[in-house]
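Colleague: Sharing a model that was predicted from the sequence below.
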Amino acid sequence: MSGRYPRESWATRSEIFSSHGMAATSQPLATQAALRVLRSGGSAVDAAIAANAVLCVVEPTGAGLGGDLFAMLWDPNEKAITGLNASGGAPTAGTRSWFEGKGHERIPDQGPLSISVPGAVGGWFALHEKHGRLPMSEVLATAVSLAEEGFPVSEVIAEEWAREGERLAEQPGFAATFLPSGRAPRKGERFRNPALARLLGQIGENGEQVFYQGPVARSMAETVQQAGGLLAEQDLAGYKAQWVEPVSVDFQGKTVWQLPPNGQGLVAAQMLKLLEPWDLKSAGFGSPDHVHLLVEAKKLAFADRARFYADPDFERVPVQGLLDEAYLNERRTLIDPTKAARSVSAGEPRLDAGDTVYLTVADESGMMVSLIQSNYMGMGSGVVPVGLGFSLQNRGALFSLQPGHPNVIAPGKRPFHTIMPGFVTRDGEPWLSFGVMGGAMQPQGQVQILLNLLVFGMNLQAAGDAPRIRHDGSAGPTGKTAPEDGGVVNLEPGFPEGTAEALSDRGHQVRVGQGHFGGYQAIAYNPVDRLWRGASEYRKDGQASGY
């Protein structure tokens, strides 16, 4: 990961190095909170929870107590990776027949009907129970202080807050909490959230039951039901996050780890394996071949995503079949190196028995945490329970109402999820903890980061700052069919002159400079010099720092 790629003039800063610990998050106050916890003797898990809690305060446009959480963790004692799925299910009353009876053809993108059970707080306590060292009250102290005293809103977050304010201003409780003086806070303006400070303090002192039972759960349920939604107290009571076993694929001498569905991590794994036989290094970064092959691999993986990804407690998800070498070889034959596919269908694998925040933390023991948390769309449903200071997520909007679809809504079923932490090992040891935010951009972005590092030879910072590709138009998780026009290839500025024209000649629709290209943080470890390396890209307000 050292060395300089000859065209990495886009790198905005140097990699960060440290000897003891490292944190990389999407907002500097969260990074500083994580380092404060590490210096106080906390574990990487303690620091990750502290950072996530601060992001719930300072970046409500991507994180919140009303959202879900996924994480992967390297345990240096066990020398193994474990995964955590802290996503919640549909309300008990959430059935396809209920929505159809009310005349809905799809679940709304915002408002009370888009709400599923929030799992993030349960995720914090699941992580802390196994790997925490400090009391939770101490872990959450910085978040409590920032919410109570206020903080200056940073630039990128201010822009997103203004957009979310326009989208969600009419939702119950939203304007009163998040639009002081009738508008979103501007860059540099101080914002206070005393209701959230009180709640975080109560959670720190008394545990997760404060959130899922009693007055807080009652406020959530009553607010949602009064607005016409379905969430009930019994849906919240007893929620527990689920420990899961990550899946892996080998690529370029490394092992890439992802969480299984109901998330979309398998997309990145499939894309990498579909691309592996092609000599992208000789083609060069940003070449027509590089972009074309990446987009075509994405179309195939997303077709499988739309057909098979769902809650494995409700559907048979062919995880191993989707990664089977024979199946991938068969799918790879569908890629024409000279022509864009207009539409693709899911394969037949063998069955076996976004807006978001991402953060990663490493401590002196060698523990590494890769954690991603989200309300789904920006500030989620926009429904703010009375007296609590946070917006509930709208992740339920990703359920399908199509009969027989694997992602069709059902009571207690977890919806399809776009958030996906990333992790890479080398020879059985940790090498990279990383993530890319942004809905459907996440697997595309992760694959591009890994290609930049492992194929094109960029360093950790340049790999994130390099211009990105985003293909839009493949089949989504709610049962919509893939378009017949092949979708749109969005290119960030900075690709070589002639690439866009060459892609057009191959049949792609190309746009330059438009679209959401995600946000990236990463920590890498080099066992030779025993140093942590950190990176945080320019598309967010983030910071990587160590000590």
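Modeller: That came through, no problem.
Colleague: distance between stretch 13-28 and the chain's centre?
Modeller: 19 Å (CA atoms, centre = their mean, to the nearest Å).
Colleague: So that it lines up with my notes, have the first residue be 41 from now on.
Modeller: With the count now opening at 41, the last piece we talked about shows up as stretch 53-68.
Colleague: For it, measure first residue to last.
Modeller: End-to-end distance for stretch 53-68: 15 Å, by CA to CA, to the nearest Å.
Colleague: and the closest residue in space to residue 476 that isn't next to it in sequence, what element?
Modeller: Using CB to CB, 6 or more residues apart in numbering and skipping residues adjacent in sequence, the residue nearest residue 476 is residue 485, 3.1 Å away. Just so you know, the C-beta spots here come from the backbone N, C-alpha and C atoms, and that holds for glycine as well. Counting by DSSP states H and E, the element that carries residue 485 is helix 481-494.
Colleague: Extract the CA atoms of that helix and return them as PDB.
Modeller: Provided in PDB are the C-alpha atoms of helix 481-494 (Å, rounded to 0.1, in the frame of the first residue of the first chain):
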ATOM      1  CA  MET A 481     -22.700   2.800  -4.400                       C
ATOM      2  CA  GLN A 482     -21.300   0.800  -1.500                       C
ATOM      3  CA  PRO A 483     -20.400  -2.500  -3.200                       C
ATOM      4  CA  GLN A 484     -19.300  -0.600  -6.400                       C
ATOM      5  CA  GLY A 485     -17.200   1.700  -4.200                       C
ATOM      6  CA  GLN A 486     -15.600  -1.100  -2.200                       C
ATOM      7  CA  VAL A 487     -14.700  -3.000  -5.400                       C
ATOM      8  CA  GLN A 488     -13.100   0.200  -6.800                       C
ATOM      9  CA  ILE A 489     -11.100   0.800  -3.600                       C
ATOM     10  CA  LEU A 490      -9.800  -2.800  -3.700                       C
ATOM     11  CA  LEU A 491      -8.900  -2.600  -7.300                       C
ATOM     12  CA  ASN A 492      -7.100   0.700  -6.700                       C
ATOM     13  CA  LEU A 493      -5.100  -0.900  -3.800                       C
ATOM     14  CA  LEU A 494      -4.400  -4.400  -5.200                       C
END
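Colleague: mean confidence for the next helix or strand after that helix?
Modeller: Per DSSP H and E, the first helix or strand lying C-terminal to helix 481-494 is helix 500-505. Helix 500-505 carries an average pLDDT of 96.
Colleague: same for helix 500-505, what does it pack against?
Modeller: helix 481-494, strand 560-566, strand 571-576 (3 or more CB pairs under 8 Å, 6 or more residues apart in numbering; DSSP states H and E).
Colleague: quick one on the thing from earlier: what sits against the residue nearest to residue 476?
Modeller: Residues counted as contacts of residue 485 (CB atoms under 8 Å, 6 or more residues apart in numbering) are 476, 477, 478, 508, 557, 558, 560.
Colleague: same thing but at 7 Å, please
Modeller: 476, 478, 508, 558, 560 (CB atoms under 7 Å, 6 or more residues apart in numbering).
Colleague: Can you tell me the number of residues neighbouring the closest residue in space to residue 101 that isn't next to it in sequence?
Modeller: Spatial nearest neighbour of residue 101, excluding adjacent residues (CB to CB, 6+ apart): residue 200 at 4.0 Å. Around residue 200 sit 20 other residues, with neighbours defined as other CB atoms under 10 Å.
Colleague: next one: the one 10 residues further on
Modeller: Number of residues near residue 210 (other CB under 10 Å) recorded here: 10.
Colleague: Distance check, it against residue 375.
Modeller: 46 Å (CB to CB, to the nearest Å).
Colleague: Next: residue 422.
Modeller: 41 Å.
Colleague: quick one on the thing from earlier: secondary structure class of the residue nearest to residue 101, three-state.
Modeller: Following DSSP: H, G, I helix; E, B strand; the rest coil, residue 200 is assigned to helix.
Colleague: for the stretch 91-240 of the chain, what spans make up the helices?
Modeller: For the stretch 91-240 of the chain, applying DSSP state H, counting those that start in this stretch gives helices covering 136-141, 160-171, 176-179, 181-189, 195-208, 214-218, 234-246.
Colleague: could you measure the residue most central in space within the chain against residue 260, distance?
Modeller: In the chain, the residue lying closest to the centroid (CA atoms, centre = their mean) is residue 459, at 3.0 Å. Using CB to CB, one gets 21 Å for the distance from residue 459 to residue 260.
Colleague: With residue 572 instead?
Modeller: 39 Å.
Colleague: longest helix of this protein?
Modeller: helix 328-348 (DSSP state H).
Colleague: got the angle between that helix and helix 481-494?
Modeller: 140 degrees (axes from the mean of the first three to the mean of the last three CA atoms, to 10 degrees).
Colleague: Helix 328-348: which residues count as buried?
Modeller: 328-348 (16 or more other CB atoms under 10 Å).
Colleague: what about residue 427, how many residues close to it?
Modeller: 15.
Colleague: Spit out the contact partners of it.
Modeller: 235, 259.
Colleague: Can you tell me the SS state at it?
Modeller: Applying three-state DSSP: residue 427 is coil.
Colleague: What separation do you get for it and residue 61?
Modeller: Taken as CB to CB, the span from residue 427 to residue 61 is 37 Å.
Colleague: same check, this time on residue 576
Modeller: 15 Å.
Colleague: same check, this time on residue 216
Modeller: 39 Å.
Colleague: With residue 129 instead?
Modeller: Relative to residue 61, and taking CB to CB, residue 129 is found at 35 Å.
Colleague: So residue 341 is in contact with residue 311, correct?
Modeller: Yes. Counting by CB atoms under 7 Å, residue 341 does reach residue 311; the two are 5.0 Å apart.
Colleague: can you list the domain ranges for the chain.
Modeller: Following automatic domain parsing, the chain resolves into domains at 56-281+401-438, 284-395+459-569.
Colleague: Quick one, which of those gets closest to residue 584.
Modeller: domain 56-281+401-438 (3.8 Å; CB to CB).
Colleague: List phi and psi for residue 270.
Modeller: phi -120, psi -10 (degrees, to the nearest 10).
Colleague: do the same with residue 284
Modeller: phi -130, psi 160.
Colleague: That one bridge partners, please.
Modeller: Per DSSP bridges, the residues bridged to residue 284 are residue 123.
Colleague: wait, what's in contact with it?
Modeller: Residue 284 neighbours (CB under 7 Å, 6+ apart): 123, 125, 299, 300.
Colleague: In strands, which of those residues fall?
Modeller: 123, 125 (DSSP state E).
Colleague: who wins for most neighbours among the contacts of residue 284?
Modeller: residue 299 (27 neighbours).
Colleague: so what's that residue up against?
Modeller: Per CB under 7 Å, 6+ apart, neighbours of residue 299: 110, 112, 123, 125, 284, 286, 305, 460, 461.
Colleague: Three-state assignment for the residue nearest to residue 486 when sequence neighbours are not counted, please.
Modeller: Closest residue to residue 486 apart from its sequence neighbours, by CB to CB, 6+ apart: residue 308 at 4.5 Å. Under three-state DSSP, the three-state class of residue 308 is helix.
Colleague: pretty sure residue 308 contacts residue 489?
Modeller: No. If you go by CB under 7 Å, residue 308 and residue 489 don't touch, sitting 9.6 Å apart.
Colleague: Touching both of those two, which residues are there?
Modeller: By CB under 7 Å, 6+ apart, no residue touches both residue 308 and residue 489.
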